[in-house]
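quick check, what structure comes out for this input:
(one chain, ligands or ions: 1)
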Amino acid sequence: MDIFEKIKNNRGPIGQHAKESHGYFTFPKLEGDIAPHMTFRGRKRLNWSLNNYLGLANHPKVRKADADAAAQYGLAAPMGARMMSGNSNFHEQLENELSAFVGKQDTILCNFGYQAMVSAIDCLVDRRDVIVYDAESHACILDGVRLHMGKRYVFKHNDLEDCRKQLERATKLADETGGGILVITEGVFGMRGDQGILKEIVALKSEFKFRLFVDDAHGIGTMGHNGGGTGFEQNCQDGIDVYFGTFAKSFALTGGFISSDEQVIEYMRYNMRSQIFAKSMPMPLVVGALKRLELMRKHPEYREKLWEITRALQNGLVKAGFEIGVTNSPVTPVYMNGSIPEATNLIIDLRENFDIFCSMVVYPVVPKGMIILRLIPTAVHTLDDVNYTIDAFSKIVHKLKSGQYMADKIASV
Ligand SMILES: Cc1ncc(COP(=O)(O)O)c(C=O)c1O
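Take a look at the predicted model:
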């Protein structure tokens, strides 16, 4: 079998729809400044699809810091991997400030969030160790687990009893191999918006010996009294042994970081393959991250505004009769029932006739017959945006229930 022939014949679960979807449902182009109102196909749309939680992406101080840093340092500096030639005072300052922000001894910066998770998992465990992880973990965790040469056990999503059962199995095995156990879960699950059961898992440390690694991509900046993450929110940050935050969401940047005990981070600096064999994070990103962190610390009102919009949106949707499931974070999924063609027509109606842009999740990501419209509120949305959206959603769900989206496409795109 020729590799190219195989690829041409099987385009993958999403790729098989590329011809009809490209540019509209997939790879859409949102243009203009990152904001609640952006241009899509020449028209302004109310946009609920970006994780710009605190509204920092287009904050004037952030834009200025980014531009000044790019002008001063260029995008190339520093050249080489951190270990060889790419270190700087700013990289170390950012690591120190992030450590203080998330309440850990030390931090390692990583060029990309996804790659950081994969590589950190790979770095922390060897073939004798056992991984226990949540079944609904993000792809970066699953890929990290795939690299693991030893055994892994998966527990049902946020199911404490199943986690305990898998820990029992893992403990038996680790006793035989002489290895340790790494439990991996998330602070906030990005699809349903439910927090991971961090406090409960931390409490299992009285029964089992393991280390807990938490991917808090959606929690950093949004959760906890200080924005320091879901561990603070649940009052168990000290029980999280390794903490991951991305810059791709609240920070409105690119990159990420891992925080832990000093000796663990030192080990990672010298053993984490994605960092020792890759170029250092460019200076404008480092300086830009420092500015964002400063604003997060100085302006708790951004987080408070995010939560005000979140509560208005979620309470308003529930009051209007919508099902939003178990979210206890800003991530707001709206669950509806319908086929994929109905979901397609509904999204077209929402975009073309209501000028609302949000992402849609359908089978195979969720069970057949389920449609999820996923809304991400931010600190820069307004209560008018919220009310307009709930009103529009009430209209489209009425059309959905009365079968109006069953016909052929209602509008050509
Ligand atoms: C839970 C989770 N982990 C990791 C990542 C990857 O982070 P990044 O976009 O910084 O690569 C994401 C998505 O951005 C995510 O949602």
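
now do the contacts for the residue of the chain found nearest the ligand.
Nearest to the ligand in the chain, going by CB to the nearest ligand atom, is G113, at a distance of 2.2 Å. Any C-beta I mention is one placed from the backbone N, CA and C, and that applies to glycine too. Contact analysis of G113 by CB atoms under 8 Å, 6 or more residues apart in numbering lists 140, 217, 244, 246-248, 255-256.

can you check E233 too?
Applying CB under 8 Å, 6+ apart to E233 gives the contacts 187, 195, 219, 223-224.

residue ranges with poor pLDDT in this structure?
By pLDDT under 70, the low-scoring segments of the chain are 408-413.

near the ligand, which residues of it?
Within the chain, the positions near the ligand by CB under 6 Å from any ligand atom are 112-114, 117, 138, 140, 186, 190, 215, 217, 246, 248, 256.

out of those, which are inside strands?
Applying DSSP state E to the residues of the chain next to the ligand, the entries found in strands are 186, 215, 246, 256.

correct me, but the third one touches G221?
No: taking contacts as CB atoms under 8 Å, T246 lies outside contact range of G221: 9.8 Å.

and those two? Which one has more around it.
Set side by side, T246 and G221 show more neighbours around G221, with 29 against 26, by other CB atoms under 10 Å.

list the contacts for the more buried one?
By CB under 8 Å, 6+ apart, the contact list for G221 reads 53-54, 227, 245, 249-251, 296, 303.

out of everything not next to it in sequence, what's closest to it?
S250 (2.6 Å; CB to CB, 6 or more residues apart in numbering).

hang on, the one you found packs against G55?
No: the criterion here is CB under 8 Å, and S250 misses it with G55 at 9.6 Å.

and those two? Which one has more around it.
The neighbour comparison of S250 against G55 (other CB under 10 Å) goes to S250, with 31 against 22.

double-check that that one belongs to a helix.
No: looking at S250 with DSSP: H, G, I helix; E, B strand; the rest coil, it is coil, so not inside a helix.

name the residues of the one helix or strand K61 maps to that are buried.
Using DSSP states H and E, K61 sits in helix 60-73. By 16 or more other CB atoms under 10 Å, the buried positions in helix 60-73 come out as 62, 65-66, 69-70, 73.

ok, now stretch 136-153?
Those would be 136-138, 140-145, 148, 150-153, for stretch 136-153 by 16+ other CB under 10 Å.

start and end of it, how far apart?
Stretch 136-153 has its terminal residues 13 Å apart, counting by CA to CA, to the nearest Å.

what's the answer for stretch 148-162, then?
Length of stretch 148-162, first residue to last, CA to CA: 21 Å.

list phi and psi for the residue nearest to G221.
phi -50, psi -40 (degrees, to the nearest 10).

for it, give me its contacts.
Shown in contact with S250 (CB under 8 Å, 6+ apart): 51, 53-54, 56, 220-222, 227, 296.

among those, which are in helices?
Using DSSP state H, the members of the contacts of S250 that fall in helices are M296.

among the contacts of S250, which one sits closest to I376?
Nearest to I376, judged by CB to CB, of those is N51 at 5.6 Å.

which parts of this protein are strands?
Under DSSP E, the chain gives strands at 30-31, 37-40, 43-47, 106-110, 130-134, 152-155, 181-186, 211-215, 242-246, 256-260, 332-337, 356-357, 359-361, 370-375.

and these: which comes nearest G15?
Judged by CB to CB, the one of those that comes nearest to G15 is strand 359-361, at 16.7 Å.

so how far is that closest one off the chain centroid?
15 Å (CA atoms, centre = their mean, to the nearest Å).

what residues sit buried inside it?
M360.

which elements pack onto it?
Strand 359-361 sits against helix 340-354, strand 370-375, with contacts defined as 3 or more CB pairs under 8 Å, 6 or more residues apart in numbering; DSSP states H and E.

ok, and what's touching it?
By CB under 8 Å, 6+ apart, the surrounding residues in contact with strand 359-361 are 25, 49, 191, 333, 343, 346-347, 371-374.

can you put those residues in CSV and add neighbour count?
Below are these laid out as CSV (neighbours: other CB atoms under 10 Å):
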residue, neighbour count
F25, 20
S49, 18
M191, 16
P333, 22
A343, 23
L346, 23
I347, 23
I371, 23
I372, 21
L373, 24
R374, 18
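
which two among those residues are spaced furthest apart?
Among those, M191 and L346 lie farthest apart (CB to CB), at 18.7 Å.

domain map for this structure?
Domain ranges of the chain: 3-58+300-409, 74-298, per automatic domain parsing.

point out the most buried one among those.
Per-stretch averages of neighbours, counted by mean count of other CB atoms under 10 Å, single out domain 74-298 among the domains of the chain, with a mean of 20.
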